[in-house]
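Chemist: The following block contains a protein sequence and its predicted model.
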Amino acid sequence: MKAYIDRDGCISCGLCASTCPEVFRINDDDGLAEVYVDEVPEEIKDSAVECQENCPTSVITVEE
């Protein structure tokens, strides 16, 4: 499973980084969210999907 963020639409709310810090973080340089793992670990798949479902700007995609 992979996660992606369309960073152009990110508003830096931090919801993804607080919900699933194993996959998402806020970049120190530009303040936008980013994915920093190649594969979402199976044990936190539900948290990553929760981020996709709750992102206020719908810029997160999680897919197989």
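Modeler: Nice, I can see it. Numbering: from 1, shown residues only.

Chemist: hang on, isn't Tyr36 packed against Phe24?
Modeler: Yes. Counting by C-beta atoms under 8 Å, Tyr36 touches Phe24, with 7.5 Å between them. C-beta here means a position set from N, CA and C on the backbone, and glycine is covered the same way.

Chemist: of those two, who's got more company?
Modeler: Each of Tyr36 and Phe24 had its neighbours counted (other C-beta atoms under 10 Å), and the higher figure belongs to Phe24 (25 against 13).

Chemist: hang on, Phe24 packs against Asn54?
Modeler: No. Taking C-beta under 8 Å as the definition, Phe24 is not a contact partner of Asn54, at 11.9 Å.

Chemist: what about the strands in the protein?
Modeler: Here the chain has its strands, by DSSP state E, at 2-5, 24-26, 33-35, 60-63.

Chemist: Ala48: neighbour count?
Modeler: Ala48 has 24 nearby residues by other C-beta under 10 Å.

Chemist: what does Glu63 give?
Modeler: 10.
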